[in-house]
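Asker: turn this into a structure:
(2 chains)
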Protein chains: 2
Amino acid sequence: LKHLFIGGEGTLGIITAAVLRLFPKPTASETAFLAVPSPAAAVELLAAMRGRLGEQITAFELLQRSVIEFVLVGVPGYSEPLEQPSPWYVLVEVAGQGEPGSLADPFAEALSDAMEAGLVTDAAIAASGAQAKRYWKMREDTAIAQNVIGASIKHDVSVPLSRIAEFLTRANAALEAAYPGVRTCAFGHVGDGNLHYNPMQPVAWEGAKFKAERDAINRIVHDLVIELGGSISAEHGIGRLRLAENEHYKSDVEKDLMRTVKRALDPANIMNPGKMVRV
Amino acid sequence: LKHLFIGGEGTLGIITAAVLRLFPKPTASETAFLAVPSPAAAVELLAAMRGRLGEQITAFELLQRSVIEFVLVGVPGYSEPLEQPSPWYVLVEVAGQGEPGSLADPFAEALSDAMEAGLVTDAAIAASGAQAKRYWKMREDTAIAQNVIGASIKHDVSVPLSRIAEFLTRANAALEAAYPGVRTCAFGHVGDGNLHYNPMQPVAWEGAKFKAERDAINRIVHDLVIELGGSISAEHGIGRLRLAENEHYKSDVEKDLMRTVKRALDPANIMNPGKMVRV
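Answerer: Take a look at the predicted model:
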């Protein structure tokens, strides 16, 4: 029953208490900003680094070049993170217990081997906690930057790790074919297969004109996600925004099950009505 | 919906396909058999070791002295794991990526500090993979040993980590008061708060006489588990064996919810009927 309510988005009941399991705060960590030639290289890099550093890899964020450009233009105070521009980047963090600095050597060795293997073309290892924080701030300011730069259509999707590269290649190509000049923009948590895929209006377009394409762009992106065995809602739930999309892609059996559970637990439809499932 | 079916014990439907996430096989690991003075020391030891080795601690098995005695007597080929008998033991394993042997120093240092702090009174670190396997075989042969030695009443419970020591102290005392000569026997996975709590018949008793006390012994053990905020079914589900106990302890609201979901998804009551929930 617990997980039913966790995933229910408040449509089955209200969670009034929770018990949290605590983990020890890491005492050693390293952060690096990497240039990678492609999403395929990033996925291979993650596998190689997990083989070396295991579950100590606590973040592995893939960033398309456009994301960095939006931040450089849209938010004051940033400069190029690496000497040369790269089509793709990875912001990687390792963390564990042990003496501060104890992960520095294994981390640097893993990155050095990855450069020799051609998975990484340039790397900047944060020399201090302050520098690591600046890298993360740049990653986090991408949301602000997108709003400054123009209109974007946001997607919160996941695909199996083995399909991430194919998804990004095909989604970017499909959108560029349908909307010449569109600025594709992808970033996400490769370890989970979660991607934020937020195409940005062509420079010459009005924002409203691009926003009006939302349903058509959703269809292009989400059709591909479903074809590749992924989910159209990775982190942010269904709510009202994805309700119609969810109904479009879920099978009749799944929809019937969701409605049956909803009706059984909330016969008067008073728990967060109109979200996630329509009864 | 996924988690609803995972936890449904087949009473809501049949899982016909599953996707597994793979993790890299550890390349470095260490195992040790430890004498600890008490369950409280074991819990403190786990916290101390997690602070040093984090999620690289992949097993942390608490064993009451009686468990070792049952194996020594009941299964041929074993000798005392440590020089002196100890009231409690911990079988601990760390595993991670990196060079084979790279965890040896941090593991030995953590154990050495734990001995200085009085959390560990003796330790044998496995000198080879074969020796580590023998320690694990001894742990796994406890089930065989219990069957050879006599009749036991098995419980598969969990309590919050912070209540493990209190649970074991109070449960052992309550059973010894109610059944003089009973041989208490606890072992489990401290990291999850999961305990196998399997009191064994007094030496002088007939097995059948002890088995007949099952409901009364269940009540003593499970009342304490519930009082301490735990669960009467940690790993092995409810099935038919724990059905009445589950109904005894669950609130009316919980039971109504379970029945409502069962009736909604399986109105004809054909999915694993009579298990987990009675409709």
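Asker: what about the residue nearest to the spatial centre of chain A, which helix or strand?
Answerer: Centroid check for chain A by Cα atoms, centre = their mean gives A:G188 as the closest residue, at 2.5 Å. Element membership for A:G188 (DSSP states H and E) is strand A:186-189.
Asker: and that strand, average pLDDT?
Answerer: What strand A:186-189 shows for mean pLDDT is 95.
Asker: whatever helix or strand comes next after it packs against which elements?
Answerer: Next helix or strand after strand A:186-189 toward the C-terminus (DSSP H and E): strand A:194-197. Packing contacts for strand A:194-197, counted by 3 or more Cβ pairs under 8 Å, 6 or more residues apart in numbering or on different chains; DSSP states H and E, involve strand A:156-158, helix A:164-178, strand A:186-189. Bear in mind the C-beta positions are built from the backbone N, C-alpha and C, glycine included.
Asker: recalculate using a threshold of 10 Å.
Answerer: strand A:57-64, helix A:142-149, strand A:156-158, helix A:164-178, strand A:186-189, helix A:214-227 (3 or more Cβ pairs under 10 Å, 6 or more residues apart in numbering or on different chains; DSSP states H and E).
Asker: chain B contacts on the stretch 151-279 of chain A?
Answerer: Neighbours of chain B within the stretch 151-279 of chain A, by Cβ under 10 Å from any Cβ of the partner chain: A:160-161, A:192-193, A:229, A:250, A:254, A:256-265, A:267.
Asker: and if we set it to 7 Å?
Answerer: A:E254, A:L257, A:M258, A:T260, A:V261, A:A264, A:L265 (Cβ under 7 Å from any Cβ of the partner chain).
Asker: turn those residues into TSV, including distance to B:E213.
Answerer: Listed next are those as TSV, based on distance: Cβ to Cβ, whole Å:
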residue	distance to B:E213
A:E254	48
A:L257	44
A:M258	46
A:T260	43
A:V261	41
A:A264	40
A:L265	40
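Asker: looking at chain A, which residue is nearest chain B?
Answerer: A:H3 (3.1 Å; Cβ to the nearest Cβ).
Asker: mind listing what's buried in the strand holding A:G188?
Answerer: A:A186, A:F187, A:G188, A:H189 (16 or more other Cβ atoms under 10 Å in any protein chain shown).
Asker: sheet partners, orientation included, of it?
Answerer: strand A:57-64 (antiparallel), strand A:194-197 (antiparallel) (DSSP bridges).
Asker: which of the ones you listed sits closest to A:E83?
Answerer: Evaluated over these, closeness to A:E83 peaks at strand A:57-64, with 16.6 Å, by Cβ to Cβ.
Asker: now the closest one - C-alpha only, CSV.
Answerer: Extracted C-alpha coordinates of strand A:57-64, given in CSV (Å, rounded to 0.1, in the frame of the first residue of the first chain):
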residue,chain,number,x,y,z
ILE,A,57,29.5,8.1,-8.6
THR,A,58,26.8,10.3,-7.1
ALA,A,59,26.1,12.5,-10.1
PHE,A,60,26.5,12.2,-13.9
GLU,A,61,24.8,15.0,-15.7
LEU,A,62,24.9,15.1,-19.5
LEU,A,63,24.6,18.6,-21.1
GLN,A,64,24.2,19.6,-24.7
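Asker: next, the angle from whichever helix or strand comes after that strand to strand A:57-64.
Answerer: From strand A:57-64 onward toward the C-terminus, using DSSP H and E, the following helix or strand is helix A:65-74. On the basis of axes from the mean of the first three to the mean of the last three Cα atoms, to 10 degrees, helix A:65-74 is oriented at 80 degrees to strand A:57-64.
Asker: gap between stretch A:12-25 and the chain center?
Answerer: 24 Å (Cα atoms, centre = their mean, to the nearest Å).
Asker: residues of it that come out buried?
Answerer: For stretch A:12-25, by 16+ other Cβ under 10 Å, it's A:L12, A:P24.
Asker: just checking, A:W88 touches A:P39?
Answerer: Yes: between A:W88 and A:P39 there is a contact under Cβ atoms under 7 Å: 6.2 Å.
Asker: what touches both of the two?
Answerer: Common neighbours of A:W88 and A:P39 (criterion: Cβ atoms under 7 Å, 6 or more residues apart in numbering or on different chains): A:L62.
Asker: quick check: which element contains A:S29?
Answerer: Going by DSSP H and E, A:S29 is in strand A:28-36.
Asker: how about the CA coordinates for that strand, as CSV?
Answerer: Listed in CSV are the C-alpha atoms of strand A:28-36, where the atom choice follows Å, rounded to 0.1, in the frame of the first residue of the first chain:
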residue,chain,number,x,y,z
ALA,A,28,35.5,12.9,0.4
SER,A,29,34.3,14.1,-3.0
GLU,A,30,35.6,15.2,-6.4
THR,A,31,33.8,17.1,-9.2
ALA,A,32,34.8,17.5,-12.8
PHE,A,33,33.5,19.2,-15.9
LEU,A,34,34.2,17.1,-19.0
ALA,A,35,33.9,17.6,-22.7
VAL,A,36,32.6,14.4,-24.4
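Asker: what's that strand in contact with?
Answerer: Contacts with strand A:28-36, where a contact means Cβ under 7 Å, 6+ apart, come from A:42, A:45, A:81-82, A:86, A:88-104, A:107, A:111, A:119-126, A:132, A:135.
Asker: what subset of those residues is buried?
Answerer: A:42, A:45, A:81, A:86, A:88-98, A:103, A:107, A:111, A:119-121, A:123, A:125-126, A:132, A:135.
Asker: now the strands paired with strand A:186-189 in JSON lines, with mean neighbour count, mean pLDDT and distance to A:G8?
Answerer: Converted to JSON lines, these look like this (neighbours: other Cβ atoms under 10 Å in any protein chain shown; pLDDT from 0 to 100; distance: least, Cβ to Cβ, whole Å):
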{"stretch": "strand A:57-64", "mean neighbour count": "22", "mean pLDDT": "96", "distance to A:G8": "29"}
{"stretch": "strand A:194-197", "mean neighbour count": "24", "mean pLDDT": "96", "distance to A:G8": "20"}
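Asker: would you format those as a markdown table with distance to A:M115 included?
Answerer: Compiled in a markdown table, the strands paired with strand A:186-189 are given as follows (distance: least, Cβ to Cβ, whole Å):
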| stretch | distance to A:M115 |
| --- | --- |
| strand A:57-64 | 17 |
| strand A:194-197 | 25 |
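Asker: right, and these - which one's nearest B:N272?
Answerer: That would be strand A:194-197 among these, by Cβ to Cβ, at 34.3 Å.
Asker: next helix or strand past that closest one?
Answerer: Next along from strand A:194-197, by DSSP H and E: helix A:207-211.
Asker: and that next one, which residues are buried?
Answerer: A:F210.
Asker: do you know the pLDDT at A:R278?
Answerer: Value listed for A:R278 in the pLDDT field: 90.
Asker: what do you get for A:L20?
Answerer: 84.
Asker: OK, contacts around the residue nearest to A:P273 when sequence neighbours are not counted?
Answerer: Nearest in space to A:P273, with sequence neighbours left out and distances taken as Cβ to Cβ, 6 or more residues apart in numbering or on different chains, is A:T11 at 7.7 Å. Going by Cβ under 7 Å, 6+ apart, A:T11 touches A:K262, A:D266, A:M271, A:N272, A:K275, A:M276, A:V277.
Asker: per-residue pLDDT, A:T11?
Answerer: 95.
Asker: name the element it belongs to?
Answerer: Assigned by DSSP H and E, A:T11 falls within no helix or strand.
Asker: just to revisit the earlier point, got the contact list for the strand holding A:G188?
Answerer: Under Cβ under 7 Å, 6+ apart, the answer for strand A:186-189 is A:F60, A:E61, A:L62, A:L63, A:Q64, A:V67, A:T142, A:L168, A:N194, A:L195, A:H196, A:Y197.
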